[in-house]
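**Q** Coordinates for the following, if possible.
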Amino acid sequence: MGPRAFPAFAAGPFSPILRVPVKSGNSIPTPGGYRELLRIAYPLIVSTASFTLMQFADRIFLARFSPEAIQAALPAGILAFTLISFFHALAGYASAFVSQYHGAGDAAGCVRATAQALWLSLASAPFIWLLVPVGRWAMAQAGHAPAVLAEEIVYFRILMWGGFAVCLVGALSGFFNGRGDTRTTMVATVAGNLVNLALDYAMIFGRWGFPRLGIAGAAWATVIGTLVTAAILAARFRAGLSGWERRRPGLPGLDRALFVRLLRFGTPAALHLLLDIGSFAVFVLLTGRLSGLPLAASNIAISVNNVAFQPLLGLNLAASILVGQYQGRRDSATAERAGWTALKTGWIYMAAIGLTYALLPDLYLRLFSGGDGGLDREALGRVARPLMLMMAAWGMFDTVNIVLIGALRGAGDTRFSMFYSVAMAWLFWIPGEVALVLWLRGRAATLPEWMGEGIALLWGWMTVFVIVLCFGFLWRFRSGRWKRIRLIEPGPVVLPPRAGGDALTVAE
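**A** Numbers count the residues shown, from 1 in each chain. Predicted coordinates:
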């Protein structure tokens, strides 16, 4: 099925965006080079960074609200996202299809792929709600303090109620990102996060006429902000359709063949994310058995790390987009160049961040200490500083994992990523963490204070896991096996027009 499936759309307002602009002189970016990467990546970096800064502020507010709130927010938030992640990743994988259709010059294919993702998103809502009892059971089994558990359940239940909005954002942002229009996603994401941030302050502490809701206020702020982002993206998507398309009732219909391909390639990616985040959720739940200060130090270090790593997630998405677009054009050499360019960019960034972890840890930690019911700064620093040194050590290796997973996903190489990551996490990392937790029983109190009842040992094993994991992804990308994968159905490829000429169609 080609552009004729949606003839009005193919000639509609989006069509200029679906052509690569031709510039004269030396202003043309090198295909797969740094300028092209950064042009796509910087709005994604702004989008992901704004989300994490909002989440970071959320954690600061909760740390200053009560120790129980900051201890509960991370495990409950990770568990909620774990249970939502399969549906989110499956809907969001349409972005890989959009990028390859865009690279092949098939505007209608971009819309058809997005439509399948939107139907998936809407269908996910009842399944997400049915998982609420599963999450409550998992938190009850973790053995957390009763006061922390009560806060976790409140936060988790509200996030799950609004979980379908996360899937909608994934599907709609995939349409714009896959076509290289990352600025639209940036504007919508930043707007939603600003709403979230303002409501965080108002609803946690009871400001501006809002009730003092504590951790429940943080959860409702997250849900409302996500709905705002989804609404902006949906409005922009509909506004870009031609008049004929807007008059059609509902979304474009189910395309059975494309839907099956989305499930075929998207399910491994979704399972990968589910089991990958699930393993991290198990780690967080295991650390939740420690006393208040080590648990708070671990959660704060993870929150700091999440902020620093968000630009790498932008590079992950940019690598996926560029690799997908060039694979859609059957230009695997440039796709490979784009992947290595993204990795080198990530290394430069992470080297700078790692230095701040090692040299300026108190700059981060003082944000979480002090205030009413806050944490003791000196005691927190003694436990958290070793954790931040480990983050500095593993950062360069985890950059490989984050960036190359995106590059492989854009090419459709989702099965290797799933099997390798799941095997390493569940057969290597988590069994080691469980063994350490069992060994620490009865010994935690005898360890030096800086080890935080064994939290430093648990983090040390996680560092080993991250380092070992990266070598498999380096091997896979270097092997080039992903170049032979055909994500979209065979068809003619419409290359970008040359200066002074027409677009060139190349037969499959």
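
**Q** which residues make contact with stretch 266-275 from outside it?
**A** 82, 85-90, 93-94, 409, 414-415, 417-418, 421-422, 425-426 (C-beta atoms under 8 Å, 6 or more residues apart in numbering). C-beta coordinates here come from the backbone N, C-alpha and C atoms, glycine included.

**Q** how does it look with 10 Å?
**A** 81-94, 96-97, 116-117, 120, 263, 278, 405, 408-409, 412-423, 425-426 (C-beta atoms under 10 Å, 6 or more residues apart in numbering).

**Q** Just the buried ones from those?
**A** Buried subset of those (neighbour count, 16 or more other C-beta atoms under 10 Å): 81-94, 96-97, 116-117, 120, 278, 405, 408-409, 412-418, 420-422, 425.

**Q** and stretch 117-136, which residues are buried?
**A** Buried, per 16+ other C-beta under 10 Å, within stretch 117-136: 117-121, 124-125, 128, 131-132, 135-136.

**Q** now, among those, which is nearest to Ala308?
**A** Gly135 (27.6 Å; C-beta to C-beta).

**Q** who touches the closest one in this structure?
**A** 76, 79-80, 82-83, 152-153, 156-157, 159-160, 281.

**Q** pLDDT at it, what is it?
**A** pLDDT, Gly135: 83.

**Q** Over to the one 4 residues further on?
**A** What the model reports for Met139 is a pLDDT of 80.

**Q** which stretches of the stretch 401-508 of the chain aren't confidently modelled?
**A** The stretch 401-508 of the chain contains residues with pLDDT under 70 at 442, 444-453, 489-508.

**Q** Could you measure from the spatially most central residue of the chain over to Ala107?
**A** The centre of the chain sits closest to Leu313, judged by C-alpha atoms, centre = their mean, with a distance of 6.2 Å. According to C-beta to C-beta, to the nearest Å, Leu313 stands 27 Å off from Ala107.

**Q** Also Met396?
**A** Taken as C-beta to C-beta, the span from Met396 to Ala107 is 40 Å.

**Q** and these two? which has more neighbours close in?
**A** With neighbours defined as other C-beta atoms under 10 Å, Met396 and Ala107 compare such that Ala107 has more, 24 against 16.

**Q** Test my guess that that one contacts Arg179.
**A** Yes. The criterion here is C-beta atoms under 10 Å, and Ala107 meets it with Arg179 at 8.8 Å.

**Q** re the thing from before, tabulate the contacts of Gly135 in a markdown table, adding columns for distance to Gly143, pLDDT and secondary structure.
**A** Converted to a markdown table, these look like this (distance: C-beta to C-beta, whole Å; pLDDT from 0 to 100; DSSP: H, G, I helix; E, B strand; the rest coil):
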| residue | distance to Gly143 | pLDDT | secondary structure |
| --- | --- | --- | --- |
| Ala76 | 15 | 82 | helix |
| Leu79 | 14 | 82 | helix |
| Ala80 | 19 | 86 | helix |
| Thr82 | 18 | 81 | helix |
| Leu83 | 20 | 85 | helix |
| Glu152 | 12 | 85 | helix |
| Ile153 | 14 | 86 | helix |
| Phe156 | 16 | 89 | helix |
| Arg157 | 20 | 88 | helix |
| Leu159 | 22 | 89 | helix |
| Met160 | 22 | 90 | helix |
| Ala281 | 15 | 74 | helix |
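
**Q** out of the residues you listed, who has the most neighbours?
**A** Neighbour-wise, the contacts of Gly135 (other C-beta under 10 Å) top out at Glu152, 31 neighbours.

**Q** What residues does Phe473 make contact with?
**A** 343, 397, 400-405, 407-408, 416-417, 420-421.

**Q** try 7 Å this time
**A** 400-401, 404-405 (C-beta atoms under 7 Å, 6 or more residues apart in numbering).

**Q** tell me which element it falls in.
**A** helix 455-479 (DSSP states H and E).

**Q** can you map out the strands along this structure?
**A** Remark: strands assigned in the chain by DSSP state E are 493-495, 504-506.

**Q** Pretty sure Ile60 sits against Leu367.
**A** Yes. Ile60 is within contact range of Leu367, at 5.5 Å (criterion: C-beta atoms under 7 Å).

**Q** Near His144, how many other residues are there?
**A** Neighbour tally, His144, other C-beta under 10 Å: 22.

**Q** ditto for Arg385
**A** Neighbour tally, Arg385, other C-beta under 10 Å: 18.

**Q** Please tell me how far Cys167 sits from Ala89.
**A** Cys167 is 9 Å from Ala89, by C-beta to C-beta.

**Q** And Asp255, by the same measure?
**A** Distance from Asp255 to Ala89, by C-beta to C-beta: 20 Å.

**Q** likewise Phe210?
**A** Using C-beta to C-beta, Phe210 is found at 33 Å from Ala89.

**Q** How about Trp208?
**A** For Trp208, the distance to Ala89 - C-beta to C-beta - is 36 Å.

**Q** swap in Leu404?
**A** As judged by C-beta to C-beta, Leu404 and Ala89 stand 17 Å apart.

**Q** go on, Arg179?
**A** On the measure of C-beta to C-beta, Arg179 and Ala89 end up 20 Å apart.

**Q** do Arg236 as well
**A** 22 Å.

**Q** Who are the contact partners of Thr399?
**A** Residues in contact with Thr399 (C-beta under 7 Å, 6+ apart) are 312, 343, 346-347, 350.

**Q** if you set the cut-off to 10 Å instead, what comes out?
**A** 309, 312, 315-316, 342-351, 353-354, 470.

**Q** now do Ala393
**A** Applying C-beta under 10 Å, 6+ apart, the residues contacting Ala393 are 354, 357-358, 460, 463, 466-467.

**Q** Then Thr341?
**A** So Thr341 contacts 30, 32-38, 41, 315, 318-319, 322, 403, 407 (C-beta under 10 Å, 6+ apart).

**Q** Can you show me the helices along the stretch 151-300 of the chain?
**A** 163-178, 182-205, 215-240, 243-247, 256-287, 292-328 (DSSP state H, counting those that start in this stretch).
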